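1. Quick one, structure for this:
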Amino acid sequence: MASCWVLVLARLGGACALPAPLSYPQALTQAVDSYNQRPELQNAFRLLSADPEPGPGVDLSTLRTLNFTIMETECVPRAQTPIDDCDFKENGVRMGRLWWGGQLGSMR
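-> Below you'll find the predicted structure:
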């Protein structure tokens, strides 16, 4: 009977494994996607520039900030168009952003 429980617990442990940590590009994408979920946005924003990726050996889970700039596009938020296919809006709004512990904050 005990061996059955060991098998069940081993099976559950594998199913509950922690997700893989985000890569630097994934973290940037998540931050921009999070910003684009704001209900008041009329146009979606796309990554314009970002600080260089940290060097090898840096654990991304220890980073507290991501500094990047986003710019308004011609696409509406939550559209089916991939954000990278959206053209930047002429004279669109540019914003410096800071992502700290999963929270976006303006750096204007």
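2. neighbouring contacts of the helix or strand where Thr69 lies?
-> If you go by DSSP states H and E, Thr69 is part of strand 65-72. The contact list for strand 65-72 (C-beta atoms under 8 Å, 6 or more residues apart in numbering) reads 27-28, 31-32, 35, 43-51, 88-89, 92-100, 107. In this view, the C-beta of every residue, glycine as well, is placed from N, C-alpha and C.
3. List buried residues within these.
-> Among those, those classed as buried by 16 or more other C-beta atoms under 10 Å are 27-28, 31-32, 35, 43-48, 50, 89, 92, 95, 97, 99.
4. so of those, which ones are in strands?
-> Members of those lying in strands (criterion: DSSP state E): 45-48, 50, 95, 97, 99.
5. residues of the strand holding Thr69 that come out buried?
-> Across strand 65-72, burial judged by 16+ other C-beta under 10 Å covers 66, 68, 70-72.
6. low pLDDT regions in this protein?
-> Across the chain, the ranges flagged by pLDDT under 70 are 1-21, 60-64, 100-108.
7. end-to-end on stretch 44-53?
-> In stretch 44-53, first residue to last residue: 24 Å (C-alpha to C-alpha, to the nearest Å).
8. closest to Leu22 among the ones in strands among the buried ones among the contacts of strand 65-72?
-> Closest approach between these and Leu22, by C-beta to C-beta: Trp99, at 11.2 Å.
9. ok, that closest one - contacts?
-> Residues 27, 31, 65-66, 68, 105 are the ones in contact with Trp99 under the rule C-beta under 8 Å, 6+ apart.
10. Dump those residues into CSV; add distance to Ile83 as well.
-> Below are those laid out as CSV (distance: C-beta to C-beta, whole Å):
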residue, distance to Ile83
Ala27, 15
Ala31, 12
Thr65, 22
Leu66, 17
Phe68, 14
Gly105, 21
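11. Out of those residues, flag the one nearest to Thr81.
-> Using C-beta to C-beta, Ala31 is the member of the contacts of Trp99 that lies nearest Thr81, at 19.4 Å.
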